[in-house]
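K.L.:
all I have is the shape, not the residue letters:
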Ligand code: PNS
């Protein structure tokens, strides 16, 4: 029985994340998408909003559950009884950080292994950070995020700009 965790900030969830969620949900019996509650990073969306968005866009995947977490991923994995962490690798530049994180997580929780999926080519350039930047400058984000994220994203970016 493989219970896997795919963790991230998902601020916002992109087509690149969804690609990894879909593919890892085919490999795992259960996939828990862990949404980091990272208030210190000043996210665009609250953790509750990010959880809701992920629930909406993964609704058709019956073995996928969305949960928020705080603190260490290795501890969250222990609490969930997970035995696998899934990460997406977009480019070689991701590798140093990912290797360090995988080794640290295994030291913290020897029950856990990390599995890397290479991001599908069409999403290799994509990150939440660049999507936020495109939205902030009024660009078209429809190629980057699911349709139901577009309007909330544009609204939140406008609210942020008005409060500056
Ligand atoms: O969306 P991201 O930035 O790729 O997500 C990174 C995440 C959430 C997976 C990573 O920052 C994380 O695991 N944070 C929890 C804290 C932790 O366990 N840090 C030690 C890992 S070396």
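P.N.:
Looks like it came in fine. Bear in mind that the values here come from a model prediction, so they are computed numbers and not experimental data.

K.L.:
which one's the longest helix in the protein?
P.N.:
Counting by DSSP state H, the longest helix found in the chain is helix 147-162.

K.L.:
and it, which residues are buried?
P.N.:
149-150, 152-153, 156-157 (16 or more other Cβ atoms under 10 Å). Every residue, glycine included, has its C-beta placed from N, CA and C.

K.L.:
now stretch 127-136
P.N.:
Under 16+ other Cβ under 10 Å, the buried positions of stretch 127-136 are 128, 131-132, 134-135.

K.L.:
could you do stretch 32-49 as well?
P.N.:
For stretch 32-49, a neighbour-count test (16+ other Cβ under 10 Å) marks 32-37, 43-45, 47, 49 as buried.

K.L.:
cool, and stretch 80-93?
P.N.:
Neighbour counts over stretch 80-93 (16+ other Cβ under 10 Å) mark 80, 82-90 as buried.

K.L.:
what does stretch 103-111 give?
P.N.:
Buried residues in stretch 103-111, counted by 16+ other Cβ under 10 Å: 105, 109.

K.L.:
contacts for it, please.
P.N.:
With contact meaning Cβ atoms under 8 Å, 6 or more residues apart in numbering, stretch 103-111 is reached by 72-75, 77-78, 83, 85, 112-114.

K.L.:
could you pick out which of the residues you listed are near the ligand?
P.N.:
Contacts with the ligand within the contacts of stretch 103-111, counted by Cβ under 6 Å from any ligand atom: 72-74.
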